[in-house]
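1. fold the following.
(chains A and B)
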Amino acid sequence: AQSVTQLGSHVSVSEGALVLLRCNYSSSVPPYLFWYVQYPNQGLQLLLKYTSAATLVKGINGFEAEFKKSETSFHLTKPSAHMSDAAEYFCAVRPVNTGTASKLTFGTGTRLQVTL
Amino acid sequence: DGGITQSPKYLFRKEGQNVTLSCEQNLNHDAMYWYRQDPGQGLRLIYYSQIVNDFQKGDIAEGYSVSREKKESFPLTVTSAQKNPTAFYLCASCYSGGTVNEQFFGPGTRLTVL
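-> Model (predicted):
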């Protein structure tokens, strides 16, 4: 079964610093990949998704992620952190040979803290 | 506005009681999902349905039941057989057309067993 690993359950950055959240997938065939954000006591919101059309994917709120097949990674970055970025971030994977509405497998999440 | 609604937002239950969590969507999505979220464990899939009157077990279906009688609705019942039901429950839906569609999530229901 496919899985994703998110290294670092907690990441702390200063406001204005680079944000880097790591996600690695386990699959011999590159899957479809998603990044979601969750604010406290709320549902998840899609930040961006990798669909094999382009390796560098731009999302909402200034986030982007780069798909690297050689590293089986899909790390999420943002050049300059803002206090409003403090949230939990989830990476998710879906195999390409399954239907569009097939289930996703989520990582365990990374909580981002932004300090002044 | 289109979206997913979950009710109630907070739910308290005594041990031994069954409770039903509501999930409604007006996005015209065919597929719907229920997840359970516990601290440090991410989201785990309980049940999902890709079409009306059909559903499949996810990774942690024991102690839960669902129905899908209408396209818009996918209620989840937490039964007394679920040994540790205190958690945050999230409902999601997805459009089945196209190639790569994301899941849209509701605001969640926090269930606490007293």
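2. check what pLDDT residue B:2 gets.
-> On pLDDT, residue B:2 comes in at 73.
3. what's the burial count for it?
-> When neighbours are counted by other CB atoms under 10 Å in any protein chain shown, residue B:2 registers 9. Every residue, glycine included, has its C-beta placed from N, CA and C.
4. grab the most central residue of chain B for me.
-> What sits nearest the mean C-alpha location of chain B, by CA atoms, centre = their mean, is residue B:34, with 2.8 Å.
5. and the helix or strand harbouring that residue, what's buried?
-> Secondary structure from DSSP states H and E places residue B:34 in strand B:31-37. Buried residues in strand B:31-37, defined by neighbour count with 16 or more other CB atoms under 10 Å in any protein chain shown: B:31, B:32, B:33, B:34, B:35, B:36, B:37.
6. surely the second one and residue B:69 touch.
-> No. At 12.0 Å, residue B:32 does not count as touching residue B:69 under the criterion of CB atoms under 8 Å.
7. re earlier: would you mind writing the CA trace of the strand holding residue B:34 as PDB?
-> Coordinates of each C-alpha in strand B:31-37 appear next as PDB, following Å, rounded to 0.1, in the frame of the first residue of the first chain:
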ATOM      1  CA  ALA B  31     -18.000  10.300  -3.600                       C
ATOM      2  CA  MET B  32     -18.100  10.900   0.100                       C
ATOM      3  CA  TYR B  33     -15.800   9.900   2.900                       C
ATOM      4  CA  TRP B  34     -15.500   9.800   6.700                       C
ATOM      5  CA  TYR B  35     -12.200  10.200   8.500                       C
ATOM      6  CA  ARG B  36     -11.200  10.100  12.100                       C
ATOM      7  CA  GLN B  37      -8.500  12.400  13.400                       C
END
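8. run a quick neighbour tally on the nearest residue to residue B:70 once chain neighbours are set aside.
-> Sequence neighbours aside, residue B:52 is the residue nearest to residue B:70 in space, at 6.8 Å (criterion: CB to CB, 6 or more residues apart in numbering or on different chains). With neighbours defined by other CB under 10 Å, the count for residue B:52 comes to 15.
9. give the contact list for residue B:52.
-> By CB atoms under 8 Å, 6 or more residues apart in numbering or on different chains, the contact list for residue B:52 reads B:68, B:69, B:70, B:71.
10. which residues sit against stretch A:107-116?
-> Here stretch A:107-116 makes contact (CB under 8 Å, 6+ apart) with A:4-6, A:8-15, A:19, A:21-23, A:38, A:81-83, A:85-92, B:40-42.
11. who does the strand holding residue B:34 pair up with?
-> Strand pairing for strand B:31-37, determined by DSSP bridges: strand B:43-51 (antiparallel), strand B:87-94 (antiparallel).
12. go through those and name the closest to residue A:52.
-> With CB to CB as the criterion, residue A:52 lies closest to strand B:87-94 of these, at 18.4 Å.
13. immediately after the closest one, which helix or strand?
-> Next helix or strand after strand B:87-94 toward the C-terminus (DSSP H and E): strand B:104-105.
14. would you mark the buried spots in the helix or strand that that next one is followed by?
-> Once strand B:104-105 ends, the next helix or strand along the chain (criterion: DSSP H and E) is strand B:109-113. Under the neighbour-count criterion of 16+ other CB under 10 Å, strand B:109-113 has B:109, B:111, B:113 buried.
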